[in-house]
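> Have a look at this prediction, sequence included:
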Amino acid sequence: MKKYSKPDIEIIKTFWWLFRISLEHARWTSILYLTASIIRIAVNLFAYYATAKMSVLLITILSTELDVKGELRTWFILWSLAGLVGYGLFTFAEMMQKFVYYRLVRWVTNAYFVQLCNIDMADFYDNQIRNEMNRISSGVEWQIPNSATTVLQIVQSVVNTIATIVTVGFVAWWLIPLFVFMMLPGFIYESKLAKISWFMWDQKDDSRHIYWGIQSLLTQAKKQFEIRALTAQPKLMNITDRMNRDFYDLQEKEVHKLNPLASVSVLSQFLRESIGQAWLLTRAVAGTINLEQYFFYVGIVFRLDGAISGLFSSFARIQDGLKYSTDYRYFLRHTAKLVDHPDAVAVTSQEPPIIEFKNATFTYPGAATSAFKNLNLKIDAGQKVALVGENGAGKSTVIKLLMRFYYLDEGELLINGVNIQGIEINSWYAQVATLFQDFNQYPLSVADNISISGEVSNFADVKRAAKLAGSHDYIKQLPKGYDTYLDPAFVDGVEPSGGMWQRVGLARAFYRKANMLILDEPTSAIDSKAEYDIFNNIFSEHDGKTAIIVSHRFSTVRKADRIVVLENGTIIEDGTHEQLLKIEGRYAEMFNKQAEGYR
């Protein structure tokens, strides 16, 4: 687990990181936003002065016989122009702020998705990384862009506060430290208030994982079938309600602890305004400042209070966003360990690969026992090999290691005589077509689901793959054929059965025309006749190519060149279907038990 610097230091770093990414990924819109906002500050100060000037001129007209109506009209025109310019700059700045937001949404989501695809598979099971992903996943599209635009607002507020401080400093410099000091209770209160929710999340990670997991199940129609059929709703509602009650009751208790601080904050605001107004009235009565200065500085003093208060409030309210953005920064820091070496070798051969596990030992991260020890398995080019065994025997682990999702603890995994750690992984992936047991069901069109590994250059390849998988006739009957979305949420979208989804997944593997086919329970949801046809296609279409098939259904593996029986991570039998039946070992036992079900 990585160690990071102290939280407060990280928050400061995150603040400047947000400012930096705004300038890097939305440079000109950020600059234009800040420029417009700063010019607006000067325009607003002039408008305050114009207001004070008009107030004095109006009093002069009402209380004396001096003719200053022309001057009043001039100042009114100037004030109106300042207002027009100010509103125009405000609208323009808001527009630029939106553009900054849009550009950052694109960058932030893309960076997050890329990182998810780059980190090691083991990282998904690391507690720290898992917690970071869970905390940031629900708000990636808006939290960081919002925080970044808030940082720009704070920068603008700093300039505004400095300009106001300089103006007030000419007549009452001592009001500045007094106001700052008296605003501290409010700043501390809002900071603590903003931090409570995120800190509660830190303390409740495990329960929030359960909560998010249940929430995900409740939003999926397929999962609702079981929830309703088993009347699981009351239990799930009790669990989530208890979690929410515990989570928010704790937050309420923490908020109540801040009540005294909140009272001090309200009192300090009242005293600030009273002191500022009393001082100005005293100076005006004493004749130290004239009416024009009085009206001007009344606005400026209250502007000072608002500027400093707004700045403190922005710093306080952004705490939640900074905590979120810090987790996001942490997540982007994680680097994959299973990466290509500088001298990695590309797999360029057009021939099926030779695969060999030599004295291979592997243990999943955090597991107490090894998945297998000293495994020795060689698969020659073009062989059709079936891996069979009980659950947990190590069959799927072999596939994960072949895809270099993990490294071996000991021993070697050789591809054409080269250790897989020294191979360019994408060149290896180009040689392989896979269908995993838990294959993905993309909310895309049929064509995109089949060709997910690349752009469609020849639509005939998509149809060919679908025919081999036995899904073409079904697809032809869909509302938009291959352009139909496999998600009922879309107009004319459909929800295929489990078996049809599996055929689409198989078509995905056939589409790649790879030198090696890896199938993990490829027909578990498909009827026996369709299964027979599909496996005939596998063995005929991939004649001369390597195929590795994991299956519990022995009718699918009996045609394999070799059947490797795994038990507790060890190869206990290896041979053809006929050979293994003759020795009357574990394979024969499992085959006969399964065959009895069909008699």
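Perfect, I can see it now. Keep in mind that this is a model prediction, so the values were computed, not measured. Numbers count the residues shown, from 1 in each chain.

> And for the closest residue to residue 380 other than its chain neighbours, the neighbour number?
Nearest residue to residue 380, sequence neighbours excluded (CB to CB, 6 or more residues apart in numbering): residue 354, at 6.0 Å. Where C-beta positions appear, they are placed from N, C-alpha and C, glycine not excepted. Neighbourhood size, residue 354 [other CB atoms under 10 Å]: 17.

> same deal with residue 417?
Residue 417: 8 neighbours (other CB under 10 Å).

> and the gap between it and residue 340?
Separation of residue 417 from residue 340 (CB to CB, to the nearest Å): 18 Å.

> Can you tell me what sits against stretch 87-105?
21-22, 25-26, 29-30, 32-33, 36-37, 39-40, 43, 141-142, 144-146, 148-149, 152-153 (CB atoms under 8 Å, 6 or more residues apart in numbering).

> 10 Å - rerun?
The contact list for stretch 87-105, computed with CB atoms under 10 Å, 6 or more residues apart in numbering, reads 18, 21-44, 140-142, 144-150, 152-153, 156.

> Helices - which of those residues land there?
Mapping the contacts of stretch 87-105 onto helices (DSSP state H) picks out 18, 21-25, 27-44, 144-150, 152-153, 156.

> Tell me the buried residues within those.
The neighbour count (16 or more other CB atoms under 10 Å) marks 18, 21-23, 25, 29-30, 32-34, 36-38, 40-41, 43-44, 144-150, 152-153, 156 as buried among the ones in helices among the contacts of stretch 87-105.

> just checking, the residue nearest to residue 380 touches residue 379?
Yes: because the distance of 7.2 Å satisfies CB atoms under 10 Å, residue 354 is recorded as touching residue 379.

> can you list residues touching both of the two?
Joint contacts of residue 354 and residue 379 (CB under 10 Å, 6+ apart) are residue 546.

> Kindly confirm my reading that residue 56 forms part of a helix.
Yes: assessed by DSSP: H, G, I helix; E, B strand; the rest coil, residue 56 belongs to a helix.

> That one: what's its closest spatial neighbour, skipping adjacent residues?
Nearest to residue 56 is residue 292, by CB to CB, 6+ apart, at 4.4 Å.

> for residue 417, same thing?
In space, residue 417 is closest to residue 354, 7.2 Å off (CB to CB, 6+ apart).

> Run a quick neighbour tally on residue 452.
Considering only other CB under 10 Å, residue 452 is surrounded by 13 other residues.

> should've said residue 548
24.

> What of residue 228?
Count around residue 228 with other CB under 10 Å applied: 10.

> same deal with residue 582?
For residue 582, using other CB under 10 Å, the count is 11.

> ok, now residue 595?
The burial count for residue 595: 11, using other CB under 10 Å.

> Correct me if wrong, but it is in a helix.
Yes: the assignment for residue 595 is a helix, going by three-state DSSP.

> In this structure it contacts residue 555, no?
Yes: counting by CB under 10 Å, residue 595 touches residue 555, with 8.9 Å between them.

> pLDDT below threshold where in the chain?
1-7, 169-171, 179, 194-209, 221, 305, 456-457, 525, 597-599 (pLDDT under 70).

> could you pull out the strands for it?
Ranges of strands in the chain, per DSSP state E, are 355-362, 372-379, 384-388, 410-415, 418-419, 432-435, 516-520, 546-550, 562-567, 570-575.

> and the fourth one, which strands flank it?
The reference is to strand 410-415. strand 355-362 (antiparallel), strand 418-419 (antiparallel) (DSSP bridges).

> and what of the last one?
Under the criterion DSSP bridges, strand 570-575 sits next to strand 562-567 (antiparallel) in its sheet.

> by how many degrees do the partner strand and strand 384-388 diverge?
20 degrees (axes from the mean of the first three to the mean of the last three CA atoms, to 10 degrees).

> Show residues contacting stretch 48-57.
Under CB under 10 Å, 6+ apart, the answer for stretch 48-57 is 66, 68-83, 164, 167, 290-300, 302-303.

> For those, I'd like a selection string for PyMOL - just the buried members, please.
With 16+ other CB under 10 Å as the burial test, the buried ones among those are selected in PyMOL as follows:
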select buried, resi 72+75+78+79+82+164+167+292+293+294+295+296+297+298+299+300+302+303
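
> Most tightly packed of the strands paired with strand 410-415?
Among the strands paired with strand 410-415, strand 355-362 has the highest mean neighbour count (mean count of other CB atoms under 10 Å), at a mean of 19.

> then that one to CSV, C-alphas only?
Extracted C-alpha coordinates of strand 355-362, given in CSV (Å, rounded to 0.1, in the frame of the first residue of the first chain):
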residue,chain,number,x,y,z
ILE,A,355,2.6,-22.9,-24.7
GLU,A,356,4.5,-24.4,-21.7
PHE,A,357,4.1,-24.1,-17.9
LYS,A,358,7.4,-25.2,-16.3
ASN,A,359,7.4,-25.8,-12.5
ALA,A,360,4.7,-23.1,-12.2
THR,A,361,3.6,-22.0,-8.8
PHE,A,362,0.9,-19.3,-8.3
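
> Kindly calculate the angle that that strand makes with strand 372-379.
Using the same axes, to 10 degrees: strand 355-362 against strand 372-379 is 170 degrees.
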